[in-house]
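Novice: Model the structure of this input:
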Amino acid sequence: MKRCNQVTLILSTLCLSWLAMMIVHETGHVVAAWICGERVEKVVLHPIRISRTDVSHDHHPLIVVWSGPVAGSCLPLLALGLARRIGFRAWYVVQFFAGFCLIANGAYLGVGGFEGIGDAGDLVRFGARPWHLIAFGIVGIPSGFVLWHGLGRHFGLRSADGEVDRVVTIRTFGVLLIIVVIELLVDRG
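Specialist: Coordinates of the predicted model:
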């Protein structure tokens with residue numbers, strides 16, 4: 001049973017991190033668009049699609065596009081700080097998520113700086129220099145790995161021999177299910 005809990009915690013944390021990373025990233029675009037007076041035309045958040053925010057880009061496109069990866073990296077770090085400060089039982093799930101977001105956003109822009117895909121392509125098209133994107137990746141990716149360092153025992157790896165906190169496992173899986181259901185209900189397209 002302990003291996004089942006371990007696998008459930010690991011898979012739930014990975015899937016939840018992926019979906020929540022896209023939510024936080026797109027939230028950064030949306031909030032910046034609203035603040036900058038842009039028109040948000042569509043936000044795609046779906047459990048089996050890559051997220052996307054379509055914005056008018058009439059006023060401050062660089063701010064709006066940069067806000068996705070910046071918020072997508074900084075907000076999880078703030079959540080981690082709060083989780084650690086209040087003694088949140090599942091702080092290590094939040095720390096994994098923060099590391100995941102740094103790696104994902106860093107790779108997205110760092111590699112995209114070479115390939116011109118997604119936000120990276122938009123940033124270059126709107127005037128950002130490719131080296132800015134690559135620098136974002138050079139900082140983000142290793143920082144994410146630093147956050148992951150030493151978390152294995154909380155996920156039942158190494159000396160933990162499959163032992164994980166059952167309550168954290170159930171709650172992580174529950175939050176994942178809630179996000180999947182909400183995304184399926186909201187995005188019927």
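Novice: For this protein, which residues score under the pLDDT cut-off?
Specialist: Scanning the chain for pLDDT under 70 picks out 188-189.
Novice: Tell me where it has helices.
Specialist: 2-35, 61-86, 91-115, 118-125, 130-148, 166-186 (DSSP state H).
Novice: Deepest in the core, which of those helices is it.
Specialist: helix 91-115 (a mean of 22; mean count of other C-beta atoms under 10 Å). All C-beta atoms are positioned from the backbone trio N, CA, C, and that covers glycine.
Novice: the inter-axis angle of that helix versus helix 130-148?
Specialist: Using axes from the mean of the first three to the mean of the last three C-alpha atoms, to 10 degrees, the direction of helix 91-115 lies 160 degrees away from that of helix 130-148.
Novice: quick one, what contacts the nearest residue to residue 153 once chain neighbours are set aside?
Specialist: Sequence neighbours aside, residue 160 is the residue nearest to residue 153 in space, at 4.4 Å (criterion: C-beta to C-beta, 6 or more residues apart in numbering). The contact partners of residue 160, taken as C-beta atoms under 8 Å, 6 or more residues apart in numbering, are 152-154.
Novice: for the helices of the chain, which one sits closest to residue 55?
Specialist: helix 2-35 (4.7 Å; C-beta to C-beta).
Novice: Direction-wise, compare that closest one with helix 61-86 and give the angle.
Specialist: 140 degrees.
Novice: other SSEs contacting helix 2-35?
Specialist: strand 40-44, strand 52-55, helix 61-86, helix 91-115, helix 166-186 (3 or more C-beta pairs under 8 Å, 6 or more residues apart in numbering; DSSP states H and E).
Novice: What is the last one packed up against?
Specialist: Using 3+ C-beta pairs under 8 Å, 6+ apart as the contact criterion, the elements in contact with helix 166-186 are helix 2-35.
Novice: Hey, what's the angle from the helix it packs on to helix 118-125? Just curious.
Specialist: Going by the same axes, to 10 degrees, helix 2-35 makes 30 degrees with helix 118-125.
Novice: can you tell me which residues contact the spatially most central residue of the chain?
Specialist: Among the residues of the chain, the one closest to the centroid is residue 21, at 1.9 Å (C-alpha atoms, centre = their mean). By C-beta under 8 Å, 6+ apart, the residues touching residue 21 are 72, 76, 97, 100-101, 104-105.
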